[in-house]
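Enquirer: compute the structure for the input listed below.
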Amino acid sequence: MTAPDTRILIANNHPLIRRGLIDLLRIEYPRAVFGEAGNGKAAITTALGDDWDVVIVGSSLRDTNGIGVIKAIKAVKPAVPIVLTSWFPTPLEVLHAQNAGASAYVVEPDAGEELAGALRAVLAGGRYFFSDGAK
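Expert: Numbers count the residues shown, from 1 in each chain. Here you go, the predicted structure:
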């Protein structure tokens, strides 16, 4: 998949975080189309209402958690890769993300170093979980 074809949805409570992730990803995907959602309901509606190549979801949203968003999206669109991001990862959350169908898990403070690599992996059909180094 080439960068001009890449459609990336970012769901996070914080507009500043969403903007920062977009700016970061534009380096690797300069012609990508980005969508934004500020809560879980909007994330689910936006993800299901369009064809996204990848969805990036924060673990804690205003009205739900990222695991719930992953489950809702995967129930309708099981093939879409989803990356869960979190500020405070725990082994249990990583396990729940994997069980819900996440393709990747990235720690938000490390996003500058890891997010582009995680997207490359999932867009190529792979997985990326920091906890076990699986990429």
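Enquirer: and stretch 77-86, what's buried?
Expert: Val80, Pro81, Ile82, Val83, Leu84, Thr85, Ser86 (16 or more other CB atoms under 10 Å). Any C-beta I mention is one placed from the backbone N, CA and C, and that applies to glycine too.
Enquirer: just put the residues you listed in a markdown table and tack on distance to Val122, pLDDT and secondary structure.
Expert: Output for the buried residues of stretch 77-86, formatted as a markdown table (distance: CB to CB, whole Å; pLDDT from 0 to 100; DSSP: H, G, I helix; E, B strand; the rest coil):
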| residue | distance to Val122 | pLDDT | secondary structure |
| --- | --- | --- | --- |
| Val80 | 10 | 97 | coil |
| Pro81 | 4 | 98 | coil |
| Ile82 | 8 | 98 | strand |
| Val83 | 6 | 96 | strand |
| Leu84 | 11 | 95 | strand |
| Thr85 | 13 | 92 | strand |
| Ser86 | 16 | 89 | strand |
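Enquirer: from those, which single one is nearest Ala72?
Expert: Lowest distance from Ala72 to these (CB to CB) belongs to Ile82, with 10.6 Å.
Enquirer: give the buried residues for the lowest-mean-pLDDT helix or strand in the chain.
Expert: When the helices and strands of the chain are scored by mean pLDDT, DSSP states H and E, helix 111-123 comes last with a mean of 88. Of the residues in helix 111-123, Ala111, Glu114, Leu115, Ala116, Ala118, Leu119, Ala121, Val122, Leu123 count as buried by neighbour count, 16+ other CB under 10 Å.
Enquirer: need the contact list for the fourth one.
Expert: Counting by CB atoms under 8 Å, 6 or more residues apart in numbering, Ala116 makes contact with Leu24, Leu25, Ile27, Glu28.
Enquirer: repeat that for the second one.
Expert: Contacts here follow CB under 8 Å, 6+ apart; on that basis Glu114 touches Val106, Val107, Tyr128, Phe130.
Enquirer: narrow those to those in strands?
Expert: Counted as lying in strands by DSSP state E, out of these, are Val106, Val107, Tyr128.
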